[in-house]
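Asks: Below: sequence and its predicted model.
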Amino acid sequence: MEYSVNTRPLLQRSDSESDFEDDILEVNRSEDHQNDHVVVTSDLKPLFKIREPSDRYNLAYLIFYLLGMTTLLPWNFFITADDYWMYKFRNASSNSTEDDIKKTSLQAGFTAYLSDASWVANSIFALTHGKSAHQISLQIRMIGSLTCILLLFGLTTAFVKINTDQWQGAFFSITLVTVVLLNIASAILQGGLFGIVGKFSSRYITAVVGGQALGGIVAALAEILSLFVGASSTISAFVYFMVANGMLVLSLAAYWILSSSVFFRFHMLDKVEVSNMQYEPAVIQASETTSVRQISYKNILTKIWPYGFSVWMTFLVTLAMYPAVTVLINSQEKGNGNRWNDVYFVPVIGYLIFSTCDYMGRIFAGLLQRPRSKGWAVVLLSVLRVVFVPLLLLCNAQPRSHLPVLIQSDVYYIIIIVLFGLSNGYLANITLICVPRIVDSAEQETASSMMAAFLGIGLACGSALSLLMVNAL
């Protein structure tokens, strides 16, 4: 006896079906058309895919902006409270009005020492963070660093109300130690934040670096407002630091909300892991045979070194001159009794205009995103910024003993500051945007953390040069 095997596809009619069945199908075809359950198997796409969650109300974008502001918050508020530090380190034994013009050794060197203490500590722990970041959970790093910054800022705020005239040297040392500890915590915070945002789109990278520049604008506006209302240097500093404390508390709460969101958790997953979360046999089979990938720091460095060098060079030039030298540049009309020249010139030009142009440069970089993949182009642009060093040294910085003042015009100085700020912001952002695109998805967090280390080293090297620049005047 022979047996025949029916090999026709399921639900496909055979030629041997009865006419009665054909009639029934013909009658019911129109009724069942909308409820047709036939599955087309020629489409091999997965039936179910993980859909990317949306950033509702742009909440994550705004939180990244706030966290970006927080990473440089200690630096911005410390350098902006220049009048407070000048008051703390004034010649307390003299009542002469000449003290406003002739600075003591502590007054003249404080900004440069502040820069050195800040960025040497920042760069060392940025490098340490890049190697040991995965040994400590992200939540502990972010929450712990924010908490430490808040406690240290609380200590700084308390010193505003304490009379330190009789122990200025000790207060100077305590302040620098506080700055070192603040920047250690800031380095951990910055490294963790750049590692996080490296897994998101360039829009969120722009939010972080834009927030850093926006923090400088907020601090400068706070100083200008205090000068406008005529508040004393101690009251102004107390307001600055209390604003900073409020922002830190808000940042802690905001990060907690962000880290609990589905949008955040989705992007923190490895992209390969996300793509394997599909109901497709071929993909599931591939994921089962995929081995755990080891991250090679040498391989990542080979890919990103032009951008790392560029961000290092950019901040080397910037910190060598700002704020140690720019804070000393006065208006050509200073001393003539004009309040703009005597009071507002340095905070408006040296801080507000620079910070605003820095912010605009970062926004332009996020919009244009050029050059995208030409590392040599950003290297060339960063090297060309060295021209700002002699330009700013030849402006009207006081006191000076060696170099002549060749650029006396306030207008020329403002033009230099505008270009200085725009170029810094643009190159800072474009390098950070490009890096996640040239590495694999599994390497993005590490590559972004390494870029934060390059940035920190550039800040430290520039700060070390700032003392030489001040002494060269």
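Replies: Here it is on my side, so go on.
Asks: going on from the helix or strand hosting residue 431, what's the next piece of helix or strand?
Replies: When secondary structure is defined by DSSP states H and E, residue 431 falls within helix 410-434. With elements assigned by DSSP H and E, the helix or strand that comes after helix 410-434 is helix 444-472.
Asks: Which strands and helices lie in contact with that following helix?
Replies: Under the contact definition 3 or more CB pairs under 8 Å, 6 or more residues apart in numbering; DSSP states H and E, helix 444-472 sits against helix 105-132, helix 168-197, helix 297-321, helix 388-393, helix 410-434. Just so you know, the C-beta spots here come from the backbone N, C-alpha and C atoms, and that holds for glycine as well.
Asks: pLDDT weak spots in this protein?
Replies: Low-confidence regions of the chain, defined by pLDDT under 70, span residues 1-50, 95-101, 126-134, 270-294, 373-374.
Asks: Now with 50, please.
Replies: 1-7, 9-21, 23-25, 27-48, 272-292 (pLDDT under 50).
Asks: Centre-most residue in it?
Replies: The residue lying closest to the centre of the chain (CA atoms, centre = their mean) is residue 209, at 3.7 Å.
Asks: Would you reformat the helices and strands packed on helix 444-472 as a markdown table and include mean neighbour count and distance to residue 440?
Replies: Formatted as a markdown table, the entries for the helices and strands packed on helix 444-472 read as follows, by neighbours: other CB atoms under 10 Å; distance: least, CB to CB, whole Å:
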| stretch | mean neighbour count | distance to residue 440 |
| --- | --- | --- |
| helix 105-132 | 21 | 17 |
| helix 168-197 | 21 | 15 |
| helix 297-321 | 21 | 9 |
| helix 388-393 | 18 | 36 |
| helix 410-434 | 22 | 15 |
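Asks: returning to that earlier point: any idea how far the helix holding residue 431 is from the chain center?
Replies: Counting by CA atoms, centre = their mean, to the nearest Å, helix 410-434 is centred 16 Å from the centre of its parent chain.
Asks: again, but for stretch 452-472
Replies: Centroid separation between stretch 452-472 and its chain, computed with CA atoms, centre = their mean, is 18 Å.
Asks: Same question for it: list its buried residues.
Replies: 452-467, 469-470 (16 or more other CB atoms under 10 Å).
Asks: Could you do stretch 146-158 as well?
Replies: Judged by neighbour count using 16+ other CB under 10 Å, the buried positions of stretch 146-158 are 146, 148-150, 152-153, 156-157.
Asks: Show me what that stretch is in contact with.
Replies: Contacts of stretch 146-158 with the rest of the structure, by CB atoms under 8 Å, 6 or more residues apart in numbering, involve 70, 73-74, 175, 178, 181-182, 185-186, 189, 238, 241-242, 244-245, 248-249, 251-252, 255.
Asks: got the angle for the helix holding residue 431 vs helix 444-472?
Replies: 160 degrees (axes from the mean of the first three to the mean of the last three CA atoms, to 10 degrees).
Asks: can you give me the angle helix 410-434 makes with helix 297-321?
Replies: Calculated by the same axes, to 10 degrees, helix 410-434 forms an angle of 170 degrees with helix 297-321.
Asks: And helix 410-434, what does it pack against?
Replies: Of the remaining helices and strands, those touching helix 410-434 by 3+ CB pairs under 8 Å, 6+ apart are helix 202-229, helix 297-321, helix 354-368, helix 375-384, helix 388-393, helix 444-472.
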